[in-house]
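S.K.: quick one, what's the 3D model for this:
(2 chains)
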Amino acid sequence: MQKTCLILGSGSDIGQAIAYAFARQGYGLLLAARAPDEPQQHLAADLAIRHGVAVGSLAFDGEDYAAHPALVQGLHPLPDVVVAVFGYLGDHARATADFAECGRILAANYTGHVSLLNLLAARMQQRGHGTLVGVSSVAGERGRQSNYLYGSAKAGFTAYLSGLRNALFRAGVHVVTVKPGFVRTKMTAGLPLPGPLTAAPDDVARAVWRACQRRQNVVYVPGIWRGIMLAIRLLPEFVFKRLRL
Amino acid sequence: MFEPRLTNWGGYPAVPAQVLAPAHAEALALPPPGTPLIARGNGRCYGDASLQRTVVSTLRWNKIFYFDPVLGRCGCEAGVLLADVLAVAVPQGWFLPVAPGTKYITVGGAVAANVHGKNHHHAGAFGQYVDGLDVLTEDGTRQPCSRTVRPDLFRRSIGGMGLTGIIVSVHFRLCRIASAYLHTAHHPAANLAGLLAGLEAQRPEAYAVAWLDALRPGRALGRGIVHTGRFAPVASLPPAGQAAPLRPHPGRQLSLPFYLPRLALNRYTMGLYNALYYRRHQRHSGGLVHYDDFFYPLDKLRHWNRIYGRQGFVQYQLVLPPATAETGLAELLRTIHLSGCGAYLAVLKLLGPADEWAAPISFPMAGVSLALDFHATPAVLALLDRLDALVLRYGGRLYLAKDARMSADFFHRTYPAFPHPAAFQSLQSQRLGG
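M.R.: Okay, the predicted model is just below:
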């Protein structure tokens, strides 16, 4: 039977790239995005036309917690792989003064994931196999003055995924944490992003596929970020607090 | 702000540009009125036809949203590459009705330039196979158009060089093939008259094109090879081919990783190459060839344009009407030879009548087309001005998708006026006077 992959956040560049990575491997896809608009319909059609796989679409809102149980119970069959890749960068300066913006950042990057993955994890645990992938960020490794709201949400998400991996290990369900550094989208084309530190959405997608295959736990994309973040975590706080990062 | 320089396939000109790359057409925030815009696909036109201070890239609009394997119809967003269409269509027995010299152009670009292939004398240009378009016009709305709905917008957008608006999606037809292979033949000719006669004699073949050695003077002026091809029925394939007759092109390419120094390509190295090419095809009579080798030999080498060096090159493609073709082409080749500027790649094609559904600035018209590559140097630019005078005298015109330098005066003497909204202007349309 065709394996299936649910992408929570198929409207993002990275979500889209991950959908193609799984379609290339013959996975059927379930695309979940905020709205089943024309770009989502075209994405679904294109995946099916190019790769000959079954593709379904559904609408979801990461912040609409009340709707999550029905959404997860409605998945038949339960997908083999779930990739949670939705998120919201937000406006940090505004969010420090406006809790509505701040709440959106926290919900879209942390509590929304917790709400959905709690439900999905329970069903996978019951079934006894499956893979859950959370796309977190290197921004969650240490709070920096320029984006610590987003960073703290991602830190929460990273800690959650770590605990979930521990909790589901004995049930045979694998959890992958993906931590991209800079990601180049076509929107940033031409901007002077530091080349060796920057990944393309396809690089992230390949890393996700590989991590699922090899049952890796925590992957950085590009890999060089593992070393960079280690160094950043090791900086003593009395030094770190003086930096402008 | 950091502004990268943008350039198309010829590498000339290179201009500072801001590239907007919206995820989809609705996400495009149109800049304030008075900021001219032009759409840009994969940047495979040669000159400045898709350059502007503000450019809208369609490359993220890369979804095929329907493909009907029974009727051979396809609907896709404008930034889908012909290579992507082929990857889907060929295994199901369909091919592009018009195949230009590279598969790495977008479908939107193919419509905007109304591209032609080696079969224009039978099949016309790409626009003839387009059933419908969505065009984002200056008021920011998406206008569906076809032969029956807003026919004027539809006609003017085919070969309209993006000046009517931004093509968002395209509905088009494909043609049936039994296999992905062609039976090909080579017919050498010792001079221009022989080459033109050879091309004419091969007119019944589905696909015909002639390569010529533009570096040969005197009696051998215009010597070359006529290449022909037609798609092969499955029964004519060898057993290995019969097992998988509809194999699409390979996804991988070799890449030229750096620019060659300008000196690498000169009259002597190219003269040697041309002599070897001629001799090889004189001896080989042709054979069974995959479509990727027949239609897209240059696609094998990614960034082949770097052969011309960092300063770039210009392509000069003209068409002359049948009555003046032979005299006119001979004089053009003699003039090039006397100038001492080497023309490296020279290709002749037969063109059929101008397409019925196309903008007045669409290139194809009945006659013979010649395309030539030159280094972009001051001497070459001066030569091209002299060639323009000959093209004008012999009743021809130039292909806008290749052009980077013709004058407004020459343009207006060879094409009718093409009024278009001020919102959509390329550097080329501004150079050519609106």
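
S.K.: tell me the residue of the stretch 251-400 of chain B that sits nearest chain A?
M.R.: Proximity of the stretch 251-400 of chain B to chain A (CB to the nearest CB) peaks at B:Gly251, 11.0 Å away. No exception for glycine: its C-beta is placed from N, CA and C like everyone else's.

S.K.: helix, strand, or coil at that residue?
M.R.: Using DSSP: H, G, I helix; E, B strand; the rest coil, the structure places B:Gly251 in coil.

S.K.: what's the neighbour count on it?
M.R.: Per other CB atoms under 10 Å in any protein chain shown, the neighbour tally for B:Gly251 reads 7.

S.K.: what does it show for phi and psi?
M.R.: phi -80, psi -20 (degrees, to the nearest 10).

S.K.: pull the contacting residues for it.
M.R.: B:Ala87 (CB atoms under 8 Å, 6 or more residues apart in numbering or on different chains).

S.K.: test my guess that A:Asn147 contacts A:Val138.
M.R.: No. Using CB atoms under 8 Å, A:Asn147 makes no contact with A:Val138, being 11.1 Å away.

S.K.: so is residue 170 in a helix, a strand, or just coil?
M.R.: Here I'm looking at chain A. helix.

S.K.: can you look at chain B instead?
M.R.: In three-state terms, and counting by three-state DSSP, B:Val170 is strand.

S.K.: what about A:Glu38, distance to B:Thr106?
M.R.: 19 Å (CB to CB, to the nearest Å).

S.K.: hmm, I was thinking of A:Asp98
M.R.: On the measure of CB to CB, A:Asp98 and B:Thr106 end up 42 Å apart.

S.K.: and if you look at B:Ile336?
M.R.: From B:Ile336 to B:Thr106 the distance is 32 Å (CB to CB).

S.K.: between those two, which one's more packed in?
M.R.: B:Thr106 (29 against 23).

S.K.: now that one. Nearest residue, chain neighbours left out?
M.R.: Once flanking residues are discounted, B:Thr106 sits nearest to B:Gly41: 3.2 Å by CB to CB, 6 or more residues apart in numbering or on different chains.

S.K.: hmm, B:Gly108 and the one you found touching each other?
M.R.: Yes. Counting by CB under 8 Å, B:Gly41 does reach B:Gly108; the two are 5.3 Å apart.

S.K.: which residues do those two both contact?
M.R.: Shared contacts of B:Gly41 and B:Gly108, counting by CB under 8 Å, 6+ apart, come down to B:Thr58, B:Ala78, B:Gly79.

S.K.: tell me the strands beside the helix or strand of chain A with the lowest mean pLDDT, with direction?
M.R.: Lowest by mean pLDDT, DSSP states H and E among the helices and strands of chain A is strand A:182-183, with a mean of 85. Its sheet considered, strand A:182-183 pairs with strand A:198-199 (parallel) by DSSP bridges.

S.K.: I'd like the next helix or strand past the partner strand.
M.R.: Using DSSP states H and E, the next helix or strand after strand A:198-199 towards the C-terminus is helix A:201-214.

S.K.: hmm, that following helix touching chain B?
M.R.: No. Shown here: helix A:201-214 not in contact with chain B (CB under 8 Å from any CB of the partner chain), separated by at least 10.9 Å.

S.K.: buried stuff in that helix?
M.R.: A:Pro201, A:Asp202, A:Asp203, A:Val204, A:Ala205, A:Arg206, A:Ala207, A:Val208, A:Trp209, A:Ala211, A:Cys212 (16 or more other CB atoms under 10 Å in any protein chain shown).

S.K.: closest one of these to B:Ile166?
M.R.: B:Ile166 lies nearest to A:Pro201 out of the buried residues of helix A:201-214, by CB to CB, at 23.7 Å.

S.K.: now the strand of greatest length in chain A against helix A:201-214, angle please.
M.R.: When chain A is parsed with DSSP state E, its longest strand is strand A:173-180. Strand A:173-180 runs at 150 degrees relative to helix A:201-214, counting by axes from the mean of the first three to the mean of the last three CA atoms, to 10 degrees.

S.K.: could you measure from B:Arg247 over to chain A?
M.R.: 16 Å (CB to the nearest CB, to the nearest Å).

S.K.: ok, now which ones touch the residue lying closest to that residue once chain neighbours are set aside?
M.R.: Among residues not flanking B:Arg247 along the chain, B:Ala180 sits closest, at 5.4 Å (CB to CB, 6+ apart). Shown in contact with B:Ala180 (CB under 8 Å, 6+ apart): B:Val90, B:Pro245, B:Leu246, B:Arg247, B:Pro248, B:His290, B:Tyr291.

S.K.: hmm, B:His249 and the last one touching each other?
M.R.: Yes. In terms of CB under 8 Å, B:Tyr291 counts as a neighbour of B:His249; the distance is 7.1 Å.

S.K.: returning to that earlier point: ok, now which ones touch the residue nearest to B:Thr106?
M.R.: Contacts of B:Gly41 by CB under 8 Å, 6+ apart are B:Ser50, B:Ser57, B:Thr58, B:Leu59, B:Ala78, B:Gly79, B:Ile105, B:Thr106, B:Gly108, B:Gly109, B:Ala112.

S.K.: can you put those residues in CSV and add secondary structure and distance to A:Phe157?
M.R.: CSV is the format used below for the contacts of B:Gly41 (DSSP: H, G, I helix; E, B strand; the rest coil; distance: CB to CB, whole Å):
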residue, secondary structure, distance to A:Phe157
B:Ser50, coil, 42
B:Ser57, strand, 33
B:Thr58, coil, 35
B:Leu59, coil, 31
B:Ala78, coil, 37
B:Gly79, coil, 33
B:Ile105, coil, 42
B:Thr106, strand, 38
B:Gly108, helix, 39
B:Gly109, helix, 42
B:Ala112, helix, 45
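
S.K.: can I have the buried ones of these as a ChimeraX selection?
M.R.: Of those, the buried ones go into a single ChimeraX selection, burial set by 16+ other CB under 10 Å:
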select /B:50,57,58,59,78,79,105,106,108,109,112
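
S.K.: can you check which residues contact both of B:Tyr291 and B:His249?
M.R.: B:Val90.

S.K.: neighbour count winner among these two?
M.R.: A side-by-side neighbour count of B:Tyr291 and B:His249, using other CB under 10 Å, places B:Tyr291 first with 24 against 20.

S.K.: ranges for the helices of the stretch 101-250 of chain B?
M.R.: Applying DSSP state H, counting those that start in this stretch to the stretch 101-250 of chain B gives helices spanning B:107-112, B:120-123, B:151-157, B:192-201, B:239-243.

S.K.: return the most buried member of the ones you listed.
M.R.: Of all the helices of the stretch 101-250 of chain B, helix B:107-112 carries the top mean neighbour count, a mean of 31, counting by mean count of other CB atoms under 10 Å in any protein chain shown.
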